[in-house]
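Peer 1: Whatever this is, show me its structure:
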Amino acid sequence: MRIAITLNTSWNIYNFRMSLIQALIKDGHEVVAIAPHDEYTVKLIEAGCEFEDVTMDSRGASPIRDTGLTFELHNIYKRVKPDIILHYTIKPNIYGTLAAAWLGIPVINNVSGLGTIFLNEDWISKIALSLYRFSFKFPKKVFFQNHEDYQLFMDKKLIQRNICEVIPGSGIDLNEFTPHPPQEKAEGEPFEFLMISRLIIDKGIREYVAAAAILQERGMNAKFNLLGKLDELHSRGISAKELNFWIEEGYINYLGSTDDVRPFINNADCVVLPSYREGTPRTLLEAAACAKPIVASNVPGCNNIVDHRLNGILCKVKDEDDLALKMKEMYYMAPELRHKMGEKGREIVERRFDHNLVIERYLKAIDQNATLKPELRAAYANNL
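Peer 2: Numbering: from 1, shown residues only. Here you go, the predicted model:
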């Protein structure tokens, strides 16, 4: 079977979907990765994917400008001739679905996060919701990464219930992310908080920095590490000027970006994510799999992973004072209690978020829905 997977960046495919791609290739399927070309494209090709470049801006929402993406994806799908297409992220879900429907190709969509259009109420948001409502008439299956997002789509009447299913995010490879034995801190060695995120406002970056400033002012012996890529072109991105100010003032210890977060997680005492809303945040799955206690905002996605006071502490969203209070609580907690929190987190991901659970659901959905009508197969044979 020929399976296309369309996403807003090659980086995204490589970092979050490779387990599924490897499983598909192992089962004898041909996989075509469709995304903008970046430094991770060659890694996809080396992994056994075919690759198709597409022009797609992942940094902002402009429904009028993005309509052209439908035509570009139509031409790619017509040329590639997939039996089924897997879409992730907002633009492929909307415009890719319309392109596939035009050609009669079955699709499976994944709502991996709602983005800023659900956080704002403006004309762009209204258009986007209308596009969702129309385009989501066509998928064979739509996976959601948490029950809150699914319920929101139901409440807004964006989708039919019978094609929906909630899955545990993108899952986590439990053999790749494993706990390391806790090490005793030397006297005077600082406690280490770690936030892993793209540097965009909606991840709660500014709240994290403000909380760090509050706690430093109160004399806390802690390092406030920030790991993630600067993305100034994003409509909600943090500027280099603002980041440099934080660094110069000593509010944070900026670690840049990396292809392997595991050493940074293993060195941390607590992982923090004060995001405004998530699908199922991969960074928290990675932290929990490595048995690290978590401080995160009490919002959909984050509270899907963090059970308050079991494997972490939940804070109020967009509230730097409450975030500082919860980070302070984690700092003063007895080490054995933090370790128990980490162990509970590992148990949670083992039970609910193993990536094999996600792969099984996808393989089943592909098997059930990758069937073109005979007349469409004939049209494909004649190059449409």
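
Peer 1: Tell me the secondary structure at G188.
Peer 2: Per DSSP: H, G, I helix; E, B strand; the rest coil, the local secondary structure of G188 is coil.

Peer 1: distance of it from N221?
Peer 2: Taking C-beta to C-beta, to the nearest Å as the measure, G188 and N221 are separated by 7 Å. From N, CA and C alone the C-beta is placed, and that goes for glycine too.

Peer 1: and if you look at N298?
Peer 2: Using C-beta to C-beta, we find N298 at a distance of 27 Å from N221.

Peer 1: and D122, what pLDDT?
Peer 2: What the model reports for D122 is a pLDDT of 66.

Peer 1: Kindly report the same for K185.
Peer 2: Looking at K185, its pLDDT is 78.

Peer 1: picking that back up, G188 and N221 - which one has more neighbours?
Peer 2: Using other C-beta atoms under 10 Å, the more surrounded residue of G188 and N221 is N221, with 11 against 6.

Peer 1: Strands of the chain, start to end?
Peer 2: Under the criterion DSSP state E, the chain contains strands at 2-6, 30-35, 50-53, 84-88, 107-111, 141-144, 164-166, 191-196, 222-227, 253-254, 270-273, 294-297, 312-315.

Peer 1: any chance of these in CSV, plus mean neighbour count?
Peer 2: Compiled in CSV, the strands of the chain are given as follows (neighbours: other C-beta atoms under 10 Å):
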stretch, mean neighbour count
strand 2-6, 24
strand 30-35, 23
strand 50-53, 16
strand 84-88, 27
strand 107-111, 27
strand 141-144, 23
strand 164-166, 16
strand 191-196, 23
strand 222-227, 21
strand 253-254, 17
strand 270-273, 28
strand 294-297, 27
strand 312-315, 26
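
Peer 1: could those go into CSV alongside distance to R338 and mean pLDDT?
Peer 2: Rendered in CSV, the data for those read as follows (distance: least, C-beta to C-beta, whole Å; pLDDT from 0 to 100):
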stretch, distance to R338, mean pLDDT
strand 2-6, 39, 97
strand 30-35, 39, 98
strand 50-53, 44, 97
strand 84-88, 34, 97
strand 107-111, 33, 96
strand 141-144, 32, 96
strand 164-166, 30, 95
strand 191-196, 10, 97
strand 222-227, 13, 98
strand 253-254, 20, 96
strand 270-273, 7, 98
strand 294-297, 10, 98
strand 312-315, 10, 98
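
Peer 1: For the stretch 1-150 of the chain, give me the ranges with low pLDDT.
Peer 2: Applying pLDDT under 70 to the predicted model, the residue ranges of the stretch 1-150 of the chain that meet it are 58-64, 115-124.

Peer 1: quick one: the helices in it?
Peer 2: With DSSP state H, counting those that start in this stretch applied, the stretch 1-150 of the chain shows helices at 10-16, 18-26, 41-46, 63-80, 90-91, 97-103, 123-135, 147-155, listed in chain order.

Peer 1: Show me what the second one is packed against.
Peer 2: Under the contact definition 3 or more C-beta pairs under 8 Å, 6 or more residues apart in numbering; DSSP states H and E, helix 18-26 sits against strand 2-6, strand 30-35, helix 355-369.

Peer 1: mind running it again at 10 Å?
Peer 2: Contacting helix 18-26 under the criterion 3 or more C-beta pairs under 10 Å, 6 or more residues apart in numbering; DSSP states H and E are the following elements: strand 2-6, helix 10-16, strand 30-35, helix 41-46, strand 84-88, helix 355-369.

Peer 1: sorry, back to before: and the strands of the chain as CSV, adding distance to S239?
Peer 2: Below are these laid out as CSV (distance: least, C-beta to C-beta, whole Å):
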stretch, distance to S239
strand 2-6, 30
strand 30-35, 26
strand 50-53, 29
strand 84-88, 28
strand 107-111, 29
strand 141-144, 33
strand 164-166, 36
strand 191-196, 18
strand 222-227, 15
strand 253-254, 14
strand 270-273, 21
strand 294-297, 23
strand 312-315, 25
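
Peer 1: List the contacts of the spatially closest residue to F177 that is not a sequence neighbour.
Peer 2: Across the structure, with C-beta to C-beta, 6 or more residues apart in numbering as the measure, the residue nearest F177 apart from its sequence neighbours is A289 (3.7 Å). Going by C-beta atoms under 10 Å, 6 or more residues apart in numbering, A289 touches 172-179, 262, 265, 345-346, 348-350, 353-354.
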